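Trainee: here is the input, now give the coordinates:
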Amino acid sequence: MHISYSALETYNRCPAKYKFQYLDRIKVPEKPELYFGSLIHEVVQYALKKDPIMPSRDELLEYLKNQWRDEVFENGTQAKQYFDWGKQMLDKFHAGHKPGLRNIVCVEKRFQIPVGEHILSGMIDRVDKLPIGAYEVIDYKTSKQLPSQEEVNRDKQLCIYHLAVENLWPEAKDIRLTLYYLKHDSKITTKRRPDEVEQIKEEIIKTAEKIAKETEWRPKRNSFCDYCEYSHLCPLMKQKVSDKEEPPEIDKMIGDYLDAYTKIQDLESQIQKYFDSEKIESFHHKKGIVTRSKTGKLTIRKK
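Mentor: Below is the predicted model:
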């Protein structure tokens, strides 16, 4: 199977989205943040490819203006906000990049590497060879939030880049992995141990095999559901995003159910406290028996 890291992550997050995006190839409107990130990457790559000559700040901004599309954004205010962010990022990048001082091995390097019986593909923003002989992967980020060192140490995609460098440059023994946050003009560097690389290879193989055998493509609720571009197709979300007005009796029924569920949760909490205080695990009532399992779950057996 030919697969990318982003496709693997999409499947792990939600099999239904994987199907919509990679199998059905359903087209969706561009997201402002994705368009913005892609364009800023494009401008940065334009500058790096001219190394050791650095385009002027005005050249970079002109490139940004020429490629900019206001129609991607919700309104003019949002478009201006993103454009201003882009200018700030490029200003910091231009001021901090010293052309000719680093040995840039490649920019926008595409790779295909074997992992078990599968081929993993992707692209690295930049690879430098340092004077000490080490190789450094630099991945440019346009995110607003700056992660902690611990979060970067756990970043699985950086393991993929480590694998790619090992495959592309077998002589590389010291591989450094850097995330460069353009908004903050901040670099966070990490490394990967051999056991961490082996673990990610096992995860890739396991996920690829699950995808190959998948037949149901069930949606999986996660923290990204509210922002998913396929929510109008998803059984878990399409009612929420639909303009259809639900029948009053259905609306009331769902409301009553939610109220009852809240009340049940409150009653269960009180029953648990009573069981704890009396050191009992079941209660015999004239209507039935309430029992607490070893896992702490309450079950009911009606008479």
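Trainee: find the least confident helix or strand in the protein, judged by mean pLDDT.
Mentor: Ranked by mean pLDDT, DSSP states H and E, the weakest helix or strand in the chain is helix 238-241, scoring a mean of 66.
Trainee: following that helix, which helix or strand comes up?
Mentor: helix 248-278 (DSSP states H and E).
Trainee: that following helix packs against which elements?
Mentor: Judged by 3 or more CB pairs under 8 Å, 6 or more residues apart in numbering; DSSP states H and E, helix 248-278 is in contact with strand 282-285, strand 288-292, strand 298-302. (C-beta placed from N, C-alpha, C; glycine too.)
Trainee: show me what the shortest one packs onto, helices and strands only.
Mentor: For strand 282-285, the elements it packs on are helix 248-278, strand 288-292, judged by 3+ CB pairs under 8 Å, 6+ apart.
Trainee: picking that back up, quick one, which of the helices and strands packed on helix 248-278 is packed in tightest?
Mentor: strand 288-292 (a mean of 15; mean count of other CB atoms under 10 Å).
Trainee: and stretch 218-237, average pLDDT?
Mentor: Summarised as a single mean, pLDDT over stretch 218-237 is 91.
Trainee: where are the low-confidence patches of the stretch 51-200 of the chain?
Mentor: Judged against pLDDT under 70, the stretch 51-200 of the chain has no low-scoring part.
Trainee: quick check: domain ranges of this protein?
Mentor: 31-100, 248-302 (automatic domain parsing).
Trainee: distance to Asn153 for these - can I get that in JSON lines?
Mentor: Formatted as JSON lines, the domains of the chain follow (distance: least, CB to CB, whole Å):
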{"stretch": "domain 31-100", "distance to Asn153": "23"}
{"stretch": "domain 248-302", "distance to Asn153": "34"}
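Trainee: quick one: which of those domains is nearest Leu168?
Mentor: domain 31-100 (17.7 Å; CB to CB).
Trainee: any idea how far the closest one is from the chain center?
Mentor: With CA atoms, centre = their mean, to the nearest Å as the basis, domain 31-100 stands 22 Å off its chain's centre.
Trainee: which stretches of the stretch 51-200 of the chain form strands?
Mentor: Ranges of strands within the stretch 51-200 of the chain are 103-115, 118-129, 135-141, 175-181, 186-190, based on DSSP state E, counting those that start in this stretch.
Trainee: quick one: closest of those to Val44.
Mentor: The nearest among those, by CB to CB, is strand 135-141 at 5.5 Å.
Trainee: and among the domains of the chain, the most buried is which?
Mentor: Most buried of the domains of the chain by mean neighbour count (mean count of other CB under 10 Å) is domain 31-100; its value is a mean of 15.
Trainee: mind checking the end-to-end distance for that one?
Mentor: 35 Å (CA to CA, to the nearest Å).
Trainee: closest one to Ser186 among the domains of the chain?
Mentor: domain 31-100 (9.5 Å).
Trainee: residue ranges with poor pLDDT in the stretch 201-303 of the chain?
Mentor: In the prediction, the stretch 201-303 of the chain carries residues with pLDDT under 70 at positions 239-244.
Trainee: gap between the two ends of stretch 52-63?
Mentor: Using CA to CA, one end of stretch 52-63 lies 19 Å from the other.
Trainee: so for the chain, the centremost residue is which one?
Mentor: Glu9 (7.1 Å; CA atoms, centre = their mean).
Trainee: check which residues of the helix or strand harbouring that one are buried.
Mentor: Counting by DSSP H and E, the element that carries Glu9 is helix 5-13. Of the residues in helix 5-13, those buried by neighbour count under the rule 16 or more other CB atoms under 10 Å are 5, 7-8, 10-13.
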